[in-house]
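Chemist: for reference, the sequence and a predicted model appear below.
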Amino acid sequence: MSQSDAWAAGYYQSTRVKNLNDYQRASNYNMQGAAAASDIEPSWESAAMSRQLVNGVSDHGWALVYDFGSADGCPSSGSGGSCNNGWTVGDVAYVSYHGSAVPLPEIYYPVNADQWTVVRRWWNNTAQAPFYFWGTTAEIAPGVLTPTQGWNALNDRNSGSVLSELICFGY
């Protein structure tokens, strides 16, 4: 996949959300909404490709894109640095908060909350708008934080910057 293909994938994801939203409004489904979502993680794709996917969705402003990804390999303290696969903390911040992207980070272990705190600090130190987490993503599995513990871990480190959305995967 090329970077232009990644942008087009984001664009068409946004277009489908717009089509669904238009259908919901025309059908008088006023209590429903539509949004895009992506599991964007440094370990799985390059920063450049991931940025283009987010740009494709965001360039038209038709859809929110929930990033329920990770900050793999990012530092757990400080205000910047490098992450897995050649990413920087700035790249993670970009794909989770640029344009119409909003973060619902995976918080499975306490270190994940620390990593995302570094991402928020980086954004707040370099961007004009404050970074807010729209909530967290959790998993019901042995050895990981419960959904409540994950949300609390992120909120404890980022008081006033974590909204109430909680996405939970179970098995």
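Modeler: Arrived safely.
Chemist: what about the closest residue to residue 56 other than its chain neighbours, how many residues nearby?
Modeler: With sequence-adjacent residues excluded and distances taken as C-beta to C-beta, 6 or more residues apart in numbering, residue 56 is closest to residue 10, at 2.4 Å. Bear in mind the C-beta positions are built from the backbone N, C-alpha and C, glycine included. Number of residues near residue 10 (other C-beta atoms under 10 Å) recorded here: 27.
Chemist: phi first, then psi, for the residue nearest the centre of the chain.
Modeler: The C-alpha lying nearest the average C-alpha coordinate of the chain belongs to residue 67 (C-alpha atoms, centre = their mean; 2.4 Å). Note on residue 67: its backbone torsions stand at phi -100, psi 100 [degrees, to the nearest 10].
Chemist: against which helices or strands is the helix or strand encompassing the residue nearest to residue 56 packed?
Modeler: Assigned by DSSP states H and E, residue 10 belongs to helix 3-26. When contacts are defined as 3 or more C-beta pairs under 8 Å, 6 or more residues apart in numbering; DSSP states H and E, helix 3-26 packs onto strand 36-38, helix 47-58, strand 65-67.
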